[in-house]
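# kindly return the folded structure for what I paste below:
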Amino acid sequence: MTPPRTPQIPVVVLAGFLGSGKTTLLNHLLRNRAGNRIGVIVNDFGAIEIDAMTVAGQVGSTVSLGNGCLCCAVDASELDTFLETLTRPSARLDVIVIEASGLAEPQELVRMLLASDNPHILYGGLVEVVDAAEFDRTRERHPEIDRHLAVADLVVLNKTDRVDGAEHERLRAEVAALGSRAAVISAVHGRIDPELLFDPAVRPDAEEKARQLTFEDLLLDACEPGEEGHASHLHAAYESVAFTSDEPMDPRRFLAFLDSRPEGLYRIKGFADFGEGDRANTYALHAVGRFLRFVPRPWARGERRLTQLVLIGSGIDAESLRKELADCRVPGDPGNVPHDARDASPGAEPHDAHHGVPHDARQDASHDDASRIASQDHADRERQERQEYHERGMWGVLRYVQQPADAD
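As a prediction, this is how the structure comes out:
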């Protein structure tokens, strides 16, 4: 299976009713973007604090921001066109955020992304922002919020500084119940850790040295005393669980784990080794909410064959997750047996091998040969059955691999 030749760009849908603080969260991401170049799609440029940044230029309805980010003002009918524009290599973007207000219902935007023919995009999750102080009144005015929460992958309970502790806990429980298994993160002024939504960018050293100072850099330099721990404070709002195994994963058990992900688990990333299921490839894994994608990649020469995963969520049980993943392993993977060993034929002796050997000894030798042949046949059948089991298990994995016809 051949993966796309260029990296796919995650597309995050940001939704929330008027006053929830989603545009505040969006501007927070633009200022604290972990080195990423973000493409923003909005219905109105008013959602972005463009005046707070250096505007490098404007072409059509696309504004280029001085920190390498781009902003497009579109309506729903133009969404595919602008996604095509933002995913061109010349745009050099790492992440795209769609601000849902005025464009379409959040679930409709998700449907459009999942049905898109654009091979350069990857679904990055639906984030629903909720105003903690106005939640009950918002539900009265907009009962459809229950439907939005039910399809969300991550819920940001914002403005929690405006409610007391007991009310905060009540709201978290109620939002979690409405949000199915979505992770719920509490926030103040829309401040969440960007790593919840996307990984930090990795730039070539030359590019990092040559770039100009960004607005983000200036904000960090101007940080008030005592604010240095702000990033770690944001990180404390969620948990990150690492899992590494040098034993391959059983594809059936691993898919069963992914299908039954616990409440609060928002994102999974990393690489999986499926051993005999596919000895040629390691599988990059990208899971957000209910979305799952595998991308196979050939093992590099001399590369250590490991499964390495990071699981991100809120209120998750780290030890339980590690145990469930450990139970997905194939202990003592027999696929490491060299093919030469299974091809040895113990009965391949010449006809005169027993010439001059007493008759009884020849009978015993023939019996031993027959036993060895039977034992070898049994081992070969077991190996074949095991291989067929793993190959059938890989059918489930391959359902989540982008087909070559859809790749660039």
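
# okay, now the unreliable bits of this protein?
Along the chain, segments meeting pLDDT under 70 span 1-6, 43-77, 102-104, 202-237, 332-370, 374, 377-380, 382-383, 385-387, 403-408.

# hey, which strand is longest across it?
Ordering each strand of the chain by length in residues (DSSP state E) puts strand 121-131 first.

# name the helices or strands packed onto the helix or strand that comes right after that one?
Using DSSP states H and E, the helix or strand that directly follows strand 121-131 along the chain is helix 135-141. Packed against helix 135-141, as judged by 3 or more CB pairs under 8 Å, 6 or more residues apart in numbering; DSSP states H and E, are the following elements: helix 145-151, helix 165-178. (C-beta placed from N, C-alpha, C; glycine too.)

# this structure: strands as residue ranges?
9-15, 38-42, 55-59, 62-65, 70-73, 95-99, 121-131, 154-158, 183-186, 239-245, 265-272, 281-288, 291-298, 307-313.

# mind checking how far the nearest residue to residue 247 once chain neighbours are set aside is from residue 254?
Spatial nearest neighbour of residue 247, excluding adjacent residues (CB to CB, 6 or more residues apart in numbering): residue 329 at 4.4 Å. Applying CB to CB, to the nearest Å, the value for residue 329 to residue 254 is 9 Å.

# look at those two and report which has more neighbours.
In terms of neighbours (other CB atoms under 10 Å), residue 254 is the more surrounded of residue 329 and residue 254; the figures are 27 against 19.

# before we move on, back to that, pull up the pairing partners for the longest strand of the chain, direction included.
Based on DSSP bridges, the strands next to strand 121-131 in the sheet, each with its direction, are strand 9-15 (parallel), strand 154-158 (parallel).

# of all those strands, which one is nearest residue 108?
With distances scored as CB to CB, the stretch of the strands paired with strand 121-131 nearest to residue 108 is strand 9-15 (10.0 Å).

# return the angle between stretch directions for that closest one and strand 38-42.
Taking axes from the mean of the first three to the mean of the last three CA atoms, to 10 degrees, strand 9-15 and strand 38-42 form an angle of 40 degrees between their directions.

# show residues contacting strand 9-15.
Outside of strand 9-15, the residues that reach it under the criterion CB atoms under 8 Å, 6 or more residues apart in numbering are 22, 25-26, 39, 83, 86-87, 93-101, 106, 109-110, 113, 120-129, 148, 152, 197-198, 286, 288.

# again, 7 Å this time
Strand 9-15 is contacted by residues 22, 25-26, 87, 93-100, 106, 109-110, 113, 120-128, 148, 197-198 when judged by CB atoms under 7 Å, 6 or more residues apart in numbering.

# got it, and stretch 254-264?
By CB under 7 Å, 6+ apart, the list of residues contacting stretch 254-264 from outside reads 181, 183, 272, 287, 292, 313-316, 324-325, 328, 396-397.

# repeat the analysis, applying 8 Å as the threshold.
Looking at what lies outside stretch 254-264 - CB under 8 Å, 6+ apart - the contacts are 176, 181-184, 268, 272, 274, 287, 292, 313-317, 320-321, 324-325, 328, 393, 396-397.

# now, of those, which are buried?
Members of the contacts of stretch 254-264 that pass the buried threshold by neighbour count (16 or more other CB atoms under 10 Å) are listed as 176, 181-184, 268, 272, 274, 287, 292, 313-314, 316, 321, 324-325, 328, 393, 396-397.

# show me what contacts the residue nearest to residue 247?
Taking CB under 8 Å, 6+ apart as the contact definition, residue 329 lies against 245, 247-250, 307.

# excluding its backbone neighbours, what's nearest residue 239?
residue 316 (5.4 Å).

# that neighbour and residue 298, how far apart?
Remark: distance between residue 316 and residue 298 (CB to CB) = 33 Å.

# repeat that for residue 183.
Distance, residue 183 to residue 298, using CB to CB: 33 Å.

# for residue 317, same thing?
Distance from residue 317 to residue 298, by CB to CB: 35 Å.

# now swap in residue 15 and tell me
As for residue 15, its distance to residue 298 is 39 Å (criterion: CB to CB).

# likewise for residue 9?
Taking CB to CB as the measure, residue 9 falls 23 Å from residue 298.

# more neighbours, the two?
Using other CB under 10 Å as the criterion, residue 9 and residue 298 rank with residue 9 on top: 21 against 10.

# backbone phi and psi for residue 303, please?
Listed backbone geometry of residue 303 is phi -70, psi 130, with angles given as degrees, to the nearest 10.

# repeat that for residue 273.
Dihedral angles phi and psi of residue 273 (degrees, to the nearest 10) take the values phi -100, psi 120.

# with residue 182 instead?
Note on residue 182: its backbone torsions stand at phi -70, psi 150 [degrees, to the nearest 10].

# just the one 5 residues further on next, same as before
Main-chain torsions, residue 187, degrees, to the nearest 10: phi -150, psi 160.

# what sits against it?
21, 25, 156-160, 237.

# how near is residue 193 to residue 26?
Applying CB to CB, one obtains 15 Å for the distance of residue 193 from residue 26.

# please apply the same query to residue 201.
Taken as CB to CB, the span from residue 201 to residue 26 is 18 Å.

# which one of these two is surrounded by more residues?
residue 26 (22 against 15).

# wait, that one touches residue 99, no?
Yes. Here residue 26 reaches residue 99: they are 5.8 Å apart, a contact under CB atoms under 8 Å.

# what about residue 398, neighbour count?
Residue 398 has 15 neighbouring residues, counting by other CB under 10 Å.

# what's the local residue count around residue 146?
11.

# go on, residue 41?
Neighbouring residues of residue 41 were enumerated by other CB under 10 Å; the total is 25.

# just checking, it touches residue 93?
No. Contact criterion CB under 8 Å: residue 41 and residue 93 do not qualify, at 11.2 Å.

# return every residue with contacts to both of the two.
A shared contact of residue 41 and residue 93, defined by CB under 8 Å, 6+ apart, is any residue touching both; here these are residue 86.

# how close does the closest residue to residue 190 other than its chain neighbours sit to residue 143?
Here the nearest residue to residue 190 in space, its sequence neighbours aside, is residue 25; by CB to CB, 6+ apart that works out to 3.3 Å. As for residue 25, its distance to residue 143 is 23 Å (criterion: CB to CB).

# that's all I had, so thanks and see you.
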